[in-house]
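J.: prediction below, plus the sequence it came from.
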Amino acid sequence: MKEREQFGTRLGFILVSAGCAVGLGNVWKFPYICGQNGGALFILIYLGFLFALGYPILVCEFSVGRGSACNPALAYGKLEPSGSIWHSFRWIPIIGNYCLMMFYTMVGGWMLYYTYLSGTRRLEQKTSDEIADVFSDMLMQPKTMVFWTVLAIVISFAVCIIGLQNGIEKITKVMMSLLLILIVILAAHSLVLPNAMEGVKFYLVPSLDAIKERGWGTVIFDAMTHAFFTLSIGMGSMAIFGSYLNKERSIGGEARNVICLDTFVALMAGFIIIPACFAYGVEPGAGPSLLFITLPNIFNHMAGGNFWGMIFFVFMSFAALSTIIAVFETILSLYMDLFGWSRKKAVFVNFFLITVLAMPAVFGFSMLPEISFLGEGATFMDLEDFLVSYNLLPLGSLIYVLFCTRKNGWGWDNFIQEANTGSGMKYSEKFRGYMTYVLPVIIAVVYLKGYYDMFSSRPTPIFIGWMIFALGLMTFILYVAFYNRKENK
């Protein structure tokens with residue numbers, strides 16, 4: 001049997017894992033919801049939930065990966081007790097990663113396209129309406145969308161085909177190092193803009209009035225959900241990196257480092273965006289409009305705006321491509337582990353497969369706008385994002401936690417032994433009760449609340465139908481966790 005690849009350095013593992021976690025949500029969502037929900041007080045609540053929710057799930061996923069030393073789709077079958085059916089969940093990481101790449105490769109292409117636009121000064125001296133038209137025109141141009149999406153796919157697979165150490169690890173090290181340097185430079189530049197300190201106050205100064213206006217329940221749930229989704233946990237990418245990790249360092253310490261790096265990027269993104277918005281009197285928003293309409297308008301008002309715009313979109317391209325590369329590696333490892341394929345063969349097949357799968361999202365804005373599964377105005381991208389964010393991430397996380405704590409799964413003893421193998425920070429045995437009984441309930445609440453928020457405003461039959469669907473998926477997971485009597489020793 002071919003010896004499994006491993007990371008060459010500890011830093012490589014941390015930066016590749018953090019590269020997977022660092023995504024667009026760190027930039028186009030976190031700064032906005034932070035300022036909206038009371039600034040620094042929200043950050044403290046968020047950090048609390050990050051280590052109460054995200055950290056234990058990340059430790060579980062890393063541990064399952066290292067303990068099984070195989071692709072997450074095969075990990076349950078390898079670690080489960082004989083006769084159990086945890087391997088039924090093998091399809092979640094497979095489906096999840098393909099669903100994510102069906103639209104995330106397209107968004108990665110957007111970042112590359114806007115790097116090109118900024119670098120060639122094509123956004124210079126445009127009015128606010130003209131900049132908004134650039135984004136809408138891009139969405140309505142299938143050839144442009146296809147070209148930049150395929151380019152993002154080609155770049156990412158070109159990194160993967162070189163191998164783990166020589167390709168993914170080395171190149172992601174460079175990308176993440178440059179990303180961290182660029183984000184510090186951009187943040188420092190924003191802080192010296194006129195009126196920037198008003199933005200810093202909005203971002204960091206605790207505002208009880210803002211919290212009261214939003215409501216404590218809303219603020220707490222916003223912090224909880226963002227802490228839950230920011231780390232890209234539940235779909236197996238972190239498990240595959242765990243499977244490439246040696247036993248020299250404990251999982252708990254490495255998971256902490258990944259979370260700290262991801263949080264640093266999110267916080268620094270706020271120092272880029274919020275002060276810049278206040279400097280030019282622009283309302284900070286969230287979502288694609290922030291990146292592709294609001295910020296280009298701001299750059300046009302700056303001295304050297306094209307340069308700063310290009311630097312920003314290079315930073316965003318690194319953030320997007322590091323995630324795409326990480327997910328591609330998760331997909332490739334499935335074919336290498338399950339079928340014994342070479343890395344080149346797996347890349348060749350998946351290049352064509354993922355390119356085809358990305359086309360519904362690409363054409364969904366122009367050629368297929370009338371097709372909608374989530375209601376009027378929703379696109380294929382919205383559907384794919386819904387499947388990933390509202391289903392596969394929370395359900396995958398719930399399964400990892402149950403698998404690591406239930407006796408008929410991998411079991412707490414096996415999990416904690418794997419997590420604490422090696423030098424470094426140990427994961428405390430005191431969290432056993434919390435992870436066994438409390439954390440699964442919190443994940444279930446986040447999952448069901450997401451469905452409620454998505455469909456509560458729809459007609460009653462549609463709302464009831466989707467909630468029954470959500471409860472059905474939850475019921476199947478709980479059936480496997482609580483009624484499969486085989487126990488691991």
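T.: Perfect, thanks for sending it.

J.: only C-alpha atoms from now on, for both contacts and neighbour counts.
T.: Noted.

J.: element containing Ala18, please.
T.: Ala18 is part of helix 10-21 when elements are defined by DSSP states H and E.

J.: tell me the buried residues in the helix or strand following that helix?
T.: Following helix 10-21 in sequence order, the next helix or strand is helix 25-28 (DSSP H and E). Buried residues in helix 25-28, counted by 16 or more other Cα atoms under 10 Å: 25-28.

J.: residues contacting stretch 213-232, please?
T.: 20-23, 25-26, 30, 33, 37, 42-43, 45-47, 49-50, 53-54, 58, 211, 238, 259, 262, 389, 393, 446 (Cα atoms under 8 Å, 6 or more residues apart in numbering).

J.: tell me, please, the helix or strand in the protein that averages the lowest pLDDT.
T.: Across the helices and strands of the chain, mean confidence by mean pLDDT, DSSP states H and E is lowest for helix 288-289: a mean of 73.

J.: for the next helix or strand after it, packing partners?
T.: Counting by DSSP H and E, the next helix or strand C-terminal to helix 288-289 is helix 295-301. Secondary-structure packing of helix 295-301 (3 or more Cα pairs under 8 Å, 6 or more residues apart in numbering; DSSP states H and E): helix 128-139, helix 251-279, helix 305-339.

J.: format those as a markdown table; extra columns: mean pLDDT and mean neighbour count.
T.: Output for those, formatted as a markdown table (pLDDT from 0 to 100; neighbours: other Cα atoms under 10 Å):
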| stretch | mean pLDDT | mean neighbour count |
| --- | --- | --- |
| helix 128-139 | 88 | 16 |
| helix 251-279 | 89 | 23 |
| helix 305-339 | 90 | 23 |
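
J.: of all these, which lies closest to Gly411?
T.: helix 251-279 (16.6 Å; Cα to Cα).

J.: what two of the buried residues of helix 25-28 are the furthest from one another?
T.: Asn26 and Trp28 (6.2 Å).

J.: Met175: what's it in contact with?
T.: 318, 322.

J.: and it, what element?
T.: According to DSSP H and E, Met175 maps onto helix 170-191.

J.: quick revisit: name the nearest of the buried residues of helix 25-28 relative to Phe348.
T.: Lowest distance from Phe348 to the buried residues of helix 25-28 (Cα to Cα) belongs to Gly25, with 29.9 Å.

J.: quick one, what contacts that closest one?
T.: Thr230.

J.: okay, it and Leu204: tell me how far apart.
T.: 19 Å (Cα to Cα, to the nearest Å).

J.: for Ser237, same thing?
T.: For Ser237, the distance to Leu204 - Cα to Cα - is 32 Å.

J.: about what we covered before: can you add distance to Ala187 and give the helices and strands packed on helix 295-301 back as a markdown table?
T.: What follows is the helices and strands packed on helix 295-301, written out as a markdown table (distance: least, Cα to Cα, whole Å):
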| stretch | distance to Ala187 |
| --- | --- |
| helix 128-139 | 23 |
| helix 251-279 | 4 |
| helix 305-339 | 10 |
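
J.: with respect to Ile416, which of those lies nearest?
T.: Using Cα to Cα, the nearest of the helices and strands packed on helix 295-301 to Ile416 is helix 251-279, at 9.6 Å.

J.: distance between the closest one and the chain's centre?
T.: 14 Å (Cα atoms, centre = their mean, to the nearest Å).

J.: nice, that's everything, thank you.
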